[in-house]
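Q: Got a predicted model here, sequence first, then my questions.
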There are 2 protein chains.
Amino acid sequence: MRTIGYHHGDLRRTVLDAAVDAIGESGLDGWSLRELARRAGVSHAAPAHHFGDKAGLLTALAAEGFDLLADTLKDAGPDFLEAGLAYVRFATAHPVHFGVMFQPKLYRADDTAVRHARERAGALLAQGARAAEASPVGSENTARAGWSIAHGFASLWLAGALSVPPDADPVEAARPVLRRLLER
Amino acid sequence: MRTIGYHHGDLRRTVLDAAVDAIGESGLDGWSLRELARRAGVSHAAPAHHFGDKAGLLTALAAEGFDLLADTLKDAGPDFLEAGLAYVRFATAHPVHFGVMFQPKLYRADDTAVRHARERAGALLAQGARAAEASPVGSENTARAGWSIAHGFASLWLAGALSVPPDADPVEAARPVLRRLLER
DNA sequence: TCTCCATCTTTCCATTGACAAGTTCTTCAC
DNA sequence: GTGAAGAACTTGTCAATGGAAAGATGGAGA
């Protein structure tokens, strides 16, 4: 990989990383394509070649996010609780991706790469739900409950809405909360 | 209320409503202060007098959102399930407010009006959690579980992530899901 | 009636997103 | 090894935007 000269070498990756940094620092509307180009040391129009426009860049981020989520869920295995904790682990490890993924108006949700990655993650989520509920009766609601509680906890954590010690581990904080859904 | 002449009469309210419309149509970055001013029939700098800047307008929206949420929770009473359903009802009835409220980087979360409204809503939420769990042991996790599942369901519903009939009622769809947390 | 001040307008500038056209480099067929 | 084709990037441009500054308007109270 070269980093000097007319051809950057890995501009697509560099701009995506810069976007994650910039959005992480300043929020979903505190960044510009031109700023990313400056950070990457290229001209202001270079990112457009790879992503088209802002929505195109966010589309790439969303696709990458669903893929990372699927990877995390796959590593966690089919256990219901572990899948939920993996979901929280992904969201807190990749907060920018997570934030973009579930704001479909910001990107092209019907993009092929996004659809494939989202379906892969969805299949792994459904697998975790089937592990918890053997009977098919009501299994859809069980799946939605598990997805909801994991998604909700992650969202509230990232929004800073939960009053927790500053150095707390989100996954360990989530464990007793997600358990509430299983044990009673 | 007048709508012509130098003084608009109720520009603040008008611009807030226009912002809700615009964000609802085009998403959180598909709107501009100048567009809102045009919709309201005033000069492009008029909104700045009431809100300062974009973050100021979103701050007003967030404060209004937490107030509306508190109102909805108050109407629902202290029952745990009803509070959760009220949470979903608020989120789906005011999706733009809900979306802004939990993206604190977009506005000034330490604003006085926002803080007061958020604390009022938080107190009502905590009251619903106490109703479910008499013993103080683990009640914090119960509260977080309830908030998480309601927040998660609402977020996923608004993101279009749940596969449901197009005319389905979100509150009725949420009922069996939230029940999973109570009955087992 | 006079004065103060909230409300709104006009003017201005740096920044941005997006497009068009041109330049540099790489790759691959022959 | 060479030359054509295309990918990667640059330069130039334009309308739109956010935000600030300074001025105009009119309502409300003394």
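A: Structure's in. What do you need?
Q: Okay, domains of chain A per the record?
A: Domain ranges of chain A: A:1-52, A:54-182, per automatic domain parsing.
Q: average pLDDT for the first one?
A: Averaged over domain A:1-52, pLDDT sits at 91.
Q: Same check on stretch A:144-160?
A: Mean predicted confidence for stretch A:144-160 is 98.
Q: helix, strand or coil for whichever residue of chain A sits closest to chain B?
A: Of all residues in chain A, the one sitting closest to chain B is residue A:152 (2.7 Å; C-beta to the nearest C-beta). C-beta: built from backbone N, CA, C; applies to glycine. The three-state label given to residue A:152 by DSSP: H, G, I helix; E, B strand; the rest coil is helix.
Q: tally of neighbours for it?
A: Number of residues near residue A:152 (other C-beta atoms under 10 Å in any protein chain shown) recorded here: 25.
Q: just residue A:11 next, same as before
A: 19.
Q: what helix or strand is the residue nearest in space to the middle of chain A on?
A: The residue lying closest to the centre of chain A (C-alpha atoms, centre = their mean) is residue A:98, at 2.9 Å. Assigned by DSSP states H and E, residue A:98 falls within helix A:95-101.
Q: Now that helix: average pLDDT?
A: The average pLDDT within helix A:95-101 is 98.
Q: Pull out the buried residues from the helix or strand following it.
A: Of the helices and strands lying after helix A:95-101 in sequence (DSSP H and E), the nearest is helix A:112-132. Neighbour-count burial for helix A:112-132 flags A:114, A:117, A:118, A:120, A:121, A:122, A:124, A:125, A:127, A:128, A:129, A:132 (criterion: 16 or more other C-beta atoms under 10 Å in any protein chain shown).
Q: is it true that residue A:133 touches residue A:139?
A: Yes: with contact defined as C-beta atoms under 8 Å, residue A:133 and residue A:139 form a contacting pair (4.4 Å).
Q: Which one's more surrounded, the two?
A: When neighbours are counted by other C-beta under 10 Å, residue A:133 and residue A:139 differ, and residue A:133 comes out ahead with 18 against 15.
Q: residues contacting that one?
A: Applying C-beta atoms under 8 Å, 6 or more residues apart in numbering or on different chains, one finds that residue A:133 lies in contact with A:139, A:142, A:143.
Q: what's the distance between it and DNA strand D?
A: Residue A:133 sits 47 Å away from DNA strand D, going by C-beta to the nearest atom of the strand, to the nearest Å.
Q: now check the lengthiest helix in chain A, is it near DNA strand C?
A: The longest helix of chain A (DSSP state H) is helix A:54-76. Yes: using C-beta under 7 Å from any atom of the strand, we find that helix A:54-76 touches DNA strand C at A:54, A:55.
Q: Tell me what angle that helix forms with helix A:112-132.
A: For helix A:54-76 against helix A:112-132, the angle by axes from the mean of the first three to the mean of the last three C-alpha atoms, to 10 degrees is 30 degrees.
Q: is it possible to export the contacts of residue A:133 to CSV including distance to chain B and secondary structure?
A: CSV is the format used below for these (distance: C-beta to the nearest C-beta, whole Å; DSSP: H, G, I helix; E, B strand; the rest coil):
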residue, distance to chain B, secondary structure
A:139, 11, helix
A:142, 6, helix
A:143, 9, helix
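Q: ok, those residues vs DNA strand C, which is closest?
A: residue A:143 (36.4 Å; C-beta to the nearest atom of the strand).
Q: So which bits of chain A are right by chain B?
A: A:26-30, A:54, A:99, A:102-106, A:109, A:138, A:141-142, A:144-145, A:147-153, A:155-156, A:159-162, A:176-184 (C-beta under 8 Å from any C-beta of the partner chain).
Q: I figured residue A:69 hits residue A:88, correct?
A: No: in this structure, residue A:69 is not within contact of residue A:88 by C-beta under 8 Å, at 11.1 Å.
Q: Would you mind putting the CA coordinates of the helix or strand containing residue A:85 into PDB?
A: Element membership of residue A:85, judged by DSSP H and E, is helix A:80-93. Below are the C-alpha coordinates for helix A:80-93, written out as PDB (Å, rounded to 0.1, in the frame of the first residue of the first chain):
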ATOM      1  CA  PHE A  80     -29.800 -16.500  23.400                       C
ATOM      2  CA  LEU A  81     -28.100 -14.600  26.200                       C
ATOM      3  CA  GLU A  82     -24.700 -14.700  24.500                       C
ATOM      4  CA  ALA A  83     -26.200 -13.500  21.300                       C
ATOM      5  CA  GLY A  84     -27.700 -10.500  23.100                       C
ATOM      6  CA  LEU A  85     -24.400  -9.700  24.900                       C
ATOM      7  CA  ALA A  86     -22.600  -9.900  21.500                       C
ATOM      8  CA  TYR A  87     -25.100  -7.500  20.100                       C
ATOM      9  CA  VAL A  88     -24.300  -5.000  22.900                       C
ATOM     10  CA  ARG A  89     -20.600  -5.700  22.400                       C
ATOM     11  CA  PHE A  90     -20.800  -4.800  18.800                       C
ATOM     12  CA  ALA A  91     -22.900  -1.700  19.300                       C
ATOM     13  CA  THR A  92     -20.500  -0.300  22.000                       C
ATOM     14  CA  ALA A  93     -17.400  -1.300  20.100                       C
END
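Q: Nice, that's everything, thank you.
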